[in-house]
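A.B. asks: Here is my input, please return the structure:
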Amino acid sequence: MKKFGKITAVILAAVLMLTSFAFSCFAENYETPFENSSFYLEGDYSIHYRVFSNSGDKKGNIMFIHGFGLSTSSFDDMIKFFTQEGYYCVSVDLPNMGYSTRENEKTRIIDRETLIYNLMTSLSDEKWILAGHSLGGGVSVNIACDHPEKVERLLLFAPQTVEQSGGYNSRLSGSALMRFLFNFVIKYGTRSRLLMKIVMYAAMQDNAYASQYDVELIRQPLQIENTGAGLAVMAANARCVDYEKVKVLDIPALIIRGDKDNIASADNIERLENALRNVNEETVSGAGHMLIYTKAAEVFRLSNNFLNK
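C.D. replies: Modelled structure (predicted):
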């Protein structure tokens, strides 16, 4: 029995060493995924973003920040409308998602909010409108709290904030075991196109749209090596929202949600709505959590009306 235990320990140690080696070798060798792709470099990070130039006279700058497990392609349909309206648009991949760096236990962690803010200032000294979906909405709020002088307005689509982090759960999330398990689940769970389609049907709540949507736009970035492990590290280091700062934030904000959203926490959104001093609220009929995909034109219309006030 002791011999079996020693053999098991050796195998587990070997697996963890190989996993760590894979982490250290990851992700500085990217091909450019889109014609308009660029990478912002800071510390151990390579942050993928895409620039969409405005048509006609420039009305402002918008930074689009996607939700959990998604990427810059989330906003492709909406950005077409915004650029035609005159907005200079940038869509960014959060760390551990899309085509940005996957964090590991050796990464010198920089808050994703800091990375995106530094990207913003590297592109323009002007103010920015922050447009965030789901998790990206929470990140947008954090950036606005940190740098209110740099943020003109907030567009929050089914936003979800991190309300609890640190402590025992944080240490567990970033552990070698959890990195291994996350890797396994993401790697093999996303191999099935059928399973991915089922998830999209549930999130979109629009069978017609989901049936024709190219699931590879979501699946391919998730298949990048060590995505699951990176998400585990992200969970361990994610910043929670500071509601005391939110309460004194005097930036006009718009929250748009879908009435069929079965993913976003209604309590989480309501707490954010109550904390924001200058907030407008809109509900899109027939929309699920992925309303920025399925109801892009309607979400743009409501956003544009808000920006023109």
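
A.B. asks: which residues of the protein fall in strands?
C.D. replies: If you assign secondary structure with DSSP state E, the strands in the chain sit at 37-42, 45-52, 60-65, 87-92, 128-133, 151-157, 253-258, 279-284.

A.B. asks: Residue 181 is nearest to which of those strands?
C.D. replies: Between residue 181 and those, the shortest gap by CB to CB is with strand 45-52, which sits at 24.2 Å. Where C-beta positions appear, they are placed from N, C-alpha and C, glycine not excepted.

A.B. asks: got the buried residues for the closest one?
C.D. replies: Judged by neighbour count using 16 or more other CB atoms under 10 Å, the buried positions of strand 45-52 are 45, 46, 47, 48, 49, 50, 52.

A.B. asks: Just give me the neighbour total for residue 138.
C.D. replies: Counted with other CB atoms under 10 Å, the neighbours of residue 138 add up to 26.

A.B. asks: before we move on, what about residue 195?
C.D. replies: When counting by other CB under 10 Å, one arrives at 14 neighbours for residue 195.

A.B. asks: so how far is residue 54 from the nearest residue to it once chain neighbours are set aside?
C.D. replies: Ranked by CB to CB, 6 or more residues apart in numbering and with sequence neighbours excluded, the top spatial neighbour of residue 195 is residue 189, at 6.5 Å. Taking CB to CB, to the nearest Å as the measure, residue 189 falls 39 Å from residue 54.

A.B. asks: what about those two, which has more around it?
C.D. replies: In terms of neighbours (other CB under 10 Å), residue 54 is the more surrounded of residue 189 and residue 54; the figures are 18 against 13.

A.B. asks: and the more buried one, what is it in contact with?
C.D. replies: Applying CB atoms under 8 Å, 6 or more residues apart in numbering to residue 54 gives the contacts 83, 86, 87, 88, 89.

A.B. asks: Residue 111 now?
C.D. replies: Applying CB under 8 Å, 6+ apart, the residues near residue 111 are 237, 239.

A.B. asks: repeat that with 6 Å
C.D. replies: residue 239 (CB atoms under 6 Å, 6 or more residues apart in numbering).

A.B. asks: same question, residue 261
C.D. replies: Taking CB under 6 Å, 6+ apart as the test, what residue 261 contacts is 158, 288, 289.

A.B. asks: Give me the phi and psi for the nearest residue to it once chain neighbours are set aside.
C.D. replies: Leaving aside its sequence neighbours, residue 261 sits nearest to residue 289 (CB to CB, 6+ apart; 4.7 Å). Main-chain dihedrals, residue 289, degrees, to the nearest 10: phi -70, psi -30.

A.B. asks: my guess is residue 289 contacts residue 158, does it?
C.D. replies: Yes: with contact defined as CB atoms under 6 Å, residue 289 and residue 158 form a contacting pair (5.4 Å).

A.B. asks: so residue 233 touches residue 175, yeah?
C.D. replies: No: in this structure, residue 233 is not within contact of residue 175 by CB under 6 Å, at 9.9 Å.

A.B. asks: a markdown table for the contacts of residue 261, including distance to residue 215 and neighbour count?
C.D. replies: A markdown table is the format used below for those (distance: CB to CB, whole Å; neighbours: other CB atoms under 10 Å):
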| residue | distance to residue 215 | neighbour count |
| --- | --- | --- |
| 158 | 20 | 29 |
| 288 | 16 | 26 |
| 289 | 16 | 24 |
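
A.B. asks: before we move on, back to that, who has more neighbours, residue 233 and residue 175?
C.D. replies: When residue 233 and residue 175 are compared on other CB under 10 Å, the one with more neighbours turns out to be residue 233, at 25 against 15.
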